[in-house]
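Asker: pasted the sequence and its predicted model underneath.
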Amino acid sequence: MADASPATVEAVDKVLHDYDNNASRMDYANCRELALPQGSGAVESAVRRGVNQRMKGNSIYWTEDHAEDVLHLRAFLKAGRCGEVIDAHLRRPVWVPVPIGQAA
């Protein structure tokens, strides 16, 4: 790479750095032994089903913030962690209603 541009050298260095940092995650032989998935198909399918089919459709419109909130709620639901959402938000509301006639 003696004649490579600085950008090419930087890109190669980044790939090597990423490889070194993630080598433990790339133990494909062990994954095969344990019959674990090695590809991105499961994640891509989850995105297709969880996002595209449920969040996009005819007459379905979301603001970016609301769509992100719904995706977070669904992720917590699917992970069996709804109690954390309830504890963090519903049991400790940011806004507490004040009865009519009482000063805030």
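Answerer: Thanks, I have the structure now.
Asker: who's in contact with the lowest-mean-pLDDT helix or strand in the chain?
Answerer: When each helix and strand of the chain is scored by mean pLDDT, DSSP states H and E, helix 54-55 comes last, with a mean of 78. Residues outside helix 54-55 that contact it (C-beta atoms under 8 Å, 6 or more residues apart in numbering) are 62, 67, 70-71, 74. Just so you know, the C-beta spots here come from the backbone N, C-alpha and C atoms, and that holds for glycine as well.
Asker: can we see that at 6 Å?
Answerer: Residues outside helix 54-55 that contact it (C-beta atoms under 6 Å, 6 or more residues apart in numbering): A67.
Asker: might you list the low-confidence residue ranges for this structure?
Answerer: In the predicted model of the chain, residues 1-2, 92-96, 102-104 satisfy pLDDT under 70.
Asker: quick check: domain ranges of it?
Answerer: 1-38, 40-94 (automatic domain parsing).
Asker: W62: how many residues sit nearby?
Answerer: Using other C-beta atoms under 10 Å, W62 has 13 other residues around it.
Asker: I appreciate the help and will end here.
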